[in-house]
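Asker: Mind looking at a prediction? Sequence and model below.
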Amino acid sequence: MSEGRTPAQIEADIVRRRQQLAVTLDEIGVRVHPKTITDNAKASVREAVDRTAGRAYVAVNRAVSGVRAELVSEDGAPRLERIVPVAVAAAALVVVVAGLSSRRRNK
């Protein structure tokens, strides 16, 4: 007998270890099951998209807040000295793009 254990103790130890091994094998089976792998991959992609969308939202919100701060005074009144040049530049850009677009159609 090893370490003074009885055959019944050894048998009980073997049964307990078999049960632990069965649980471990079941856990491994669940982890390597194709559905589990695809579910985990989907969850990872979903988390990455959520993270990216959140970062994009924060960046856009920050940019819009910055532009708004430049074009509107603290009391909410429009800053015409800044809005007019931006509007003129935007209109000029639209005219240039429209002109280039019409040239391509005419060729």
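Answerer: That came through fine. Residues are numbered from 1 along each chain as shown.

Asker: name the helices or strands packed onto whichever helix or strand Ala22 is part of?
Answerer: Taking DSSP states H and E as the definition, Ala22 sits inside helix 7-32. Packing partners of helix 7-32 (3 or more C-beta pairs under 8 Å, 6 or more residues apart in numbering; DSSP states H and E): none among the helices and strands. Bear in mind the C-beta positions are built from the backbone N, C-alpha and C, glycine included.

Asker: how distant is it from the center of its chain?
Answerer: 39 Å (C-alpha atoms, centre = their mean, to the nearest Å).

Asker: now the helix or strand just after that helix against helix 7-32, angle please.
Answerer: With elements assigned by DSSP H and E, the helix or strand that comes after helix 7-32 is helix 34-71. Interaxial angle of helix 34-71 relative to helix 7-32 (axes from the mean of the first three to the mean of the last three C-alpha atoms, to 10 degrees): 50 degrees.

Asker: mind listing what's buried in helix 34-71?
Answerer: When neighbours are counted by 16 or more other C-beta atoms under 10 Å, no buried residue of helix 34-71 is found.

Asker: Counting by contacts, list what the helix or strand following it packs against.
Answerer: Later in the chain than helix 34-71, the nearest helix or strand by DSSP H and E is helix 80-106. Using 3+ C-beta pairs under 8 Å, 6+ apart, the elements in contact with helix 80-106 are helix 34-71.

Asker: mind giving me the domain ranges of this protein?
Answerer: 2-77, 78-107 (automatic domain parsing).

Asker: can you list the ones you listed in JSON lines and add mean pLDDT?
Answerer: JSON lines is the format used below for the domains of the chain (pLDDT from 0 to 100):
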{"stretch": "domain 2-77", "mean pLDDT": "94"}
{"stretch": "domain 78-107", "mean pLDDT": "89"}
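
Asker: Mind listing what's buried along the helix holding Ala22?
Answerer: Of the residues in helix 7-32, none is buried (16+ other C-beta under 10 Å).

Asker: do the same with stretch 88-104
Answerer: Using 16+ other C-beta under 10 Å as the test for burial, stretch 88-104 gives no buried residues.

Asker: hey, C-alpha coordinates of that stretch in CSV?
Answerer: Provided in CSV are the C-alpha atoms of stretch 88-104 (Å, rounded to 0.1, in the frame of the first residue of the first chain):
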residue,chain,number,x,y,z
VAL,A,88,-17.5,81.8,-49.1
ALA,A,89,-14.7,79.2,-49.2
ALA,A,90,-17.3,76.4,-49.2
ALA,A,91,-19.2,78.0,-52.0
ALA,A,92,-16.0,78.5,-54.0
LEU,A,93,-15.2,74.8,-53.5
VAL,A,94,-18.6,73.8,-54.7
VAL,A,95,-18.2,76.0,-57.9
VAL,A,96,-14.8,74.5,-58.6
VAL,A,97,-16.0,70.9,-58.1
ALA,A,98,-19.1,71.6,-60.3
GLY,A,99,-16.9,73.1,-63.0
LEU,A,100,-14.5,70.2,-63.0
SER,A,101,-17.4,67.8,-63.1
SER,A,102,-19.0,69.5,-66.1
ARG,A,103,-15.7,69.5,-68.0
ARG,A,104,-15.4,65.8,-67.6
